[in-house]
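**Q** Structure for the following, please:
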Amino acid sequence: MFRSQSLTPPLVTCFAISALIHAVTYLLNALLPLHVAAFGGSKTQIGMLFSVATVASTRWATRWAG
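**A** Model prediction:
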């Protein structure tokens, strides 16, 4: 059986963790507004939640990536 030398166990683990984080992020973005609305949040509060999350992630990315 052919086994690639470039796909080492630590690299495969990193890919798996990255895929899991992406999946959780997309699921959270899809379900979070429904939960906020179920707890009585308004559309404005849901929009503010995403605005704050966007600003926080942008600042984090600019701080650590550049």
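**Q** Can you classify Met48 by secondary structure?
**A** Secondary structure state of Met48, per DSSP: H, G, I helix; E, B strand; the rest coil, is helix.
**Q** for Gly41, same thing?
**A** coil.
**Q** can you tell me how far it sits from Thr54?
**A** 17 Å (Cβ to Cβ, to the nearest Å). C-beta: built from backbone N, CA, C; applies to glycine.
**Q** and these two? which has more neighbours close in?
**A** Taking neighbours as other Cβ atoms under 10 Å, Gly41 and Thr54 compare with Gly41 leading, 15 against 10.
**Q** For stretch 13-21, list every residue counted as buried.
**A** Across stretch 13-21, burial judged by 16 or more other Cβ atoms under 10 Å covers no residue at all.
**Q** Can you tell me how far Tyr26 is from Leu32?
**A** Separation of Tyr26 from Leu32 (Cβ to Cβ) stands at 11 Å.
**Q** Just want to know which of these two has more residues nearby.
**A** A direct count of neighbours by other Cβ under 10 Å for Tyr26 and Leu32 places Leu32 higher, at 15 against 10.
**Q** tell me the secondary structure for the residue nearest the centre of the chain?
**A** Compute the mean C-alpha point of the chain, and by Cα atoms, centre = their mean the closest residue is Thr25, 3.0 Å away. Following three-state DSSP, Thr25 is assigned to helix.
**Q** and the lowest-mean-pLDDT helix or strand in the chain, which residues are buried?
**A** Each helix and strand of the chain was given a mean pLDDT (mean pLDDT, DSSP states H and E); the minimum falls on helix 43-65 at a mean of 88. Residues Ile46 are the ones in helix 43-65 that count as buried (16+ other Cβ under 10 Å).
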